[in-house]
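K.L.:
below is the sequence, then the predicted model.
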Amino acid sequence: MRAGDLTRPAPRDGVTRRLRVGCTFVYQADIPTPTVFQIQPDSPPVGEDLRLEPDGPLRTYRDLYGNPCLRVILPAGRATLAYDAVVDVPDAPEDADENAPELGPDALPDDVLVYTLPSRYCLPDVLGDEAWSRFGGRPPGYRRVREICAYVHRHLGFSYGSSTALSTASDVNTTRLGVCRDFTHLAISFCRALNIPARYVFGYLPDLDVPRDPAPMDFAAWMEVWLGDRWWTFDPRNNARRKGRVVIGRGRDAADVAMATTFGGPTLESMTVRAEPA
């Protein structure tokens, strides 16, 4: 099945950059397998192209967090899902404000409170003593969150295969190894332990105006923290403000924003991710 058209024009306003993002999954399944993919940008792209081979049913919906989801039935045998999109992003790093304040729990919006609680991978209750001993005495606000990110960036080493789908923030805090989702889970846990709302963000992150990473492109994870009256972006894995973030979804942790959820046991033969200037 095919959807969309990458050639549809969109206006340029002079302060954006155009990116091409996407991914390809190749599966081998013994039986038809219902699957939910989260691979589409949260904001409508300039254009997109979606292909499932062999042809099969697919449809989209928004989950309880408002994230775009794609429902597919992978046919028995070998199947390929390929997605490409063109998006416009600001030609500037995400916003920052050194003076953005923390709010007490009683002053937080109702829909933000959930992001102070423990979740599947983020364990502020387990890591609370360490969070308060390391960061409790620091001045509250944007600077304290930045210190948390800097600590996590130093504390963990990036290593593919060092964690599993079952690894929690507490686990990687002990092993001191992980991938971007683990860096994010640990920083979120420390923030929540200090009653600072923090949520998990998953998406595409190209190498724009930074040295090119020689490793194969992959999906990226970072976090958003509620300070003052809005969410602010922080990235404990890279510990730097970056250009070109394309959000796919947000949630309590990676369990809410899984790139693929299969209702069966297909074998993933390969996965490639693309994020680069168009």
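P.N.:
Okay, I see it.

K.L.:
residues in contact with the nearest residue to residue 256 once chain neighbours are set aside?
P.N.:
Excluding the flanking residues, the one nearest residue 256 by Cβ to Cβ, 6 or more residues apart in numbering is residue 65, at 6.2 Å. Yep, even glycine has a C-beta here, placed from its N, CA and C like the rest. Residue 65 makes contacts with 249, 250, 251, 256, 257, as judged by Cβ atoms under 8 Å, 6 or more residues apart in numbering.

K.L.:
name the SS class of residue 65, please.
P.N.:
At residue 65, secondary structure determined by DSSP: H, G, I helix; E, B strand; the rest coil is coil.

K.L.:
from residue 176, how far out is it?
P.N.:
30 Å (Cβ to Cβ, to the nearest Å).

K.L.:
try residue 88
P.N.:
If you go by Cβ to Cβ, the gap between residue 88 and residue 176 works out to 38 Å.

K.L.:
equivalent analysis for residue 200, please.
P.N.:
Taken as Cβ to Cβ, the span from residue 200 to residue 176 is 20 Å.

K.L.:
out of the two, which sits in the busier spot?
P.N.:
residue 200 (26 against 12; other Cβ atoms under 10 Å).

K.L.:
got a pLDDT number for the spatially closest residue to the more buried one that is not a sequence neighbour?
P.N.:
Distances taken as Cβ to Cβ, 6+ apart put residue 253 closest to residue 200, at 4.8 Å, once the chain neighbours are dropped. Confidence at residue 253, expressed as pLDDT, is 98.

K.L.:
show me the contacts for residue 253.
P.N.:
119, 120, 121, 122, 185, 188, 200.

K.L.:
what's the answer for residue 169, then?
P.N.:
Per Cβ under 8 Å, 6+ apart, neighbours of residue 169: 121, 122, 123, 126, 127, 182, 185, 186, 188, 189.

K.L.:
can you tell me the closest non-neighbouring residue to the fifth one?
P.N.:
When you say that, I think you mean residue 127. Using Cβ to Cβ, 6+ apart, the closest residue to residue 127 is residue 189 (4.8 Å).
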